[in-house]
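Peer 1: Need a 3D model of the following:
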Amino acid sequence: MKKIINPWLGLESEGYNCFGCAPTNKYGLKMEFYEDGDDVVSYWNPSDDYQGWLHTLHGGIQSTIMDEIAMWVIARKLQTSGMTTRMEIKFRKPVPTGPDVKIEVRSHIKEMKRNFAILDAAIMHGGEVCSEAEITYFCFPKEKAASDFYFRGCNVEE
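Peer 2: Next up is the predicted model:
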């Protein structure tokens, strides 16, 4: 498993402040990502700041986490940027929050249909799937990703 290098680091002056992955967003999730075969994976500590119900991760935050990791699959595996066009979520079990809780988030491309990538994503805790989503992304042409979204390619650390 190799850590994925954030291709937007250093672009804070251009406005990079993503709620999901910007390390400098004081309210953000500050997620980091790793390549594991066909999957992109993230390990994250859901603090009580993100709870909906008592010590339970808010469903909107769960949705954001799965949407975010899907974008990182697009960046790493397809070397472009894109946007969510559809997201179907199944909340199966509560996701706990707290200082000692660590969750695993995984996503991969299930299918490609021209410019659309259909991805599976899941949030797991204790080896069990708590939430899962099927996400459809419209993938921008590489030129548009570069000119409009400052995408310069997405590599992994050696």
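Peer 1: for residue 90, which residues make a bridge with it?
Peer 2: residue 132 (DSSP bridges).
Peer 1: For the residue of the chain positioned farthest from its centre, give its distance to residue 48.
Peer 2: Most distant residue from the mean C-alpha position of the chain: residue 54, 24.3 Å away (Cα atoms, centre = their mean). Here the criterion is Cβ to Cβ, to the nearest Å. By it, residue 54 lies 9 Å from residue 48. (C-beta placed from N, C-alpha, C; glycine too.)
Peer 1: Identify the residue nearest residue 45 in space, chain neighbours excluded?
Peer 2: Excluding the flanking residues, the one nearest residue 45 by Cβ to Cβ, 6 or more residues apart in numbering is residue 102, at 5.7 Å.
Peer 1: Mind giving me the packing neighbours of whichever helix in the chain runs longest?
Peer 2: In the chain, with assignment by DSSP state H, the single longest helix is helix 59-78. Judged by 3 or more Cβ pairs under 8 Å, 6 or more residues apart in numbering; DSSP states H and E, the packing partners of helix 59-78 are strand 39-44, strand 51-53, strand 82-91, strand 103-113, strand 116-125, strand 128-139.
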